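> predicted coordinates and the sequence they were generated for:
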Amino acid sequence: MQATFEAALRGLRMTGASVDTRDLVELIVRHGKEEGELLATYEQLVDSSDNETAAYVIGMILEDERRHHRLLAEVANAAAWDRSPGAPDDSTPPLSPGIDGELLAQTRKLLAAERADYRELRRIRRQLHPFADTTLWGLIIDMMLLDTKKHATMLQFLERHRRA
């Protein structure tokens, strides 16, 4: 993962980025390096733990942390290179013009589905009380609830950026 942050630093050197952009990218790179150390710790714990429950839960965290690390690198690359020639492929795309038509309609349907999913997951969560001290089920449903909120936030972003 380090190579991705190196690409962002190379982009700063090659593009003559503004002070604000430089500060932002350097902050993201520092955070990414610190997060890389956390990733290594999580990976070591998953690999060495003889506690099946701990390994499972830490494995879920590790999946998220790997994605976070990748996303940080993509933001750093996008900021550092600012669509310049030679920019790495692994960067966030620029904000496209808003959505409309069928894409907007589907986005709205998906948002409604995510909201319904959230309500259903809450019902399931309430039914798990008798299993709270004997299973991971409550934790898993809690994580799904958080993901569902995240999905709704993402769809709302798309909806807000519809074509005028």
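It's in. Numbering: from 1, shown residues only.
> helices of this structure, residue ranges please.
Taking DSSP state H to define them, one finds helices in the chain at 2-15, 19-48, 52-81, 101-127, 137-160.
> relative to Pro94, which of those helices is closest?
helix 52-81 (7.7 Å; Cβ to Cβ). Where C-beta positions appear, they are placed from N, C-alpha and C, glycine not excepted.
> any buried residues in the closest one, and which?
By neighbour count with 16 or more other Cβ atoms under 10 Å, helix 52-81 contains the buried residues 57-58, 62, 65, 69, 72-81.
> and stretch 146-157, by the same measure?
Of all the residues in stretch 146-157, those buried under the rule 16+ other Cβ under 10 Å are Thr148, His151, Ala152, Leu155.
> in CSV: those, plus distance to Pro94 and pLDDT.
Listed next are the buried residues of stretch 146-157 as CSV, based on distance: Cβ to Cβ, whole Å; pLDDT from 0 to 100:
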residue, distance to Pro94, pLDDT
Thr148, 28, 97
His151, 23, 97
Ala152, 24, 97
Leu155, 20, 96
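> let me know the closest of those residues to Glu35.
Among the buried residues of stretch 146-157, and counting by Cβ to Cβ, the member closest to Glu35 is His151, at 23.0 Å.
> show me the contacts for the closest residue to that closest one other than its chain neighbours.
Leaving aside its sequence neighbours, His151 sits nearest to Glu114 (Cβ to Cβ, 6 or more residues apart in numbering; 4.9 Å). Counting by Cβ atoms under 8 Å, 6 or more residues apart in numbering, Glu114 touches Thr148, His151, Ala152, Leu155.
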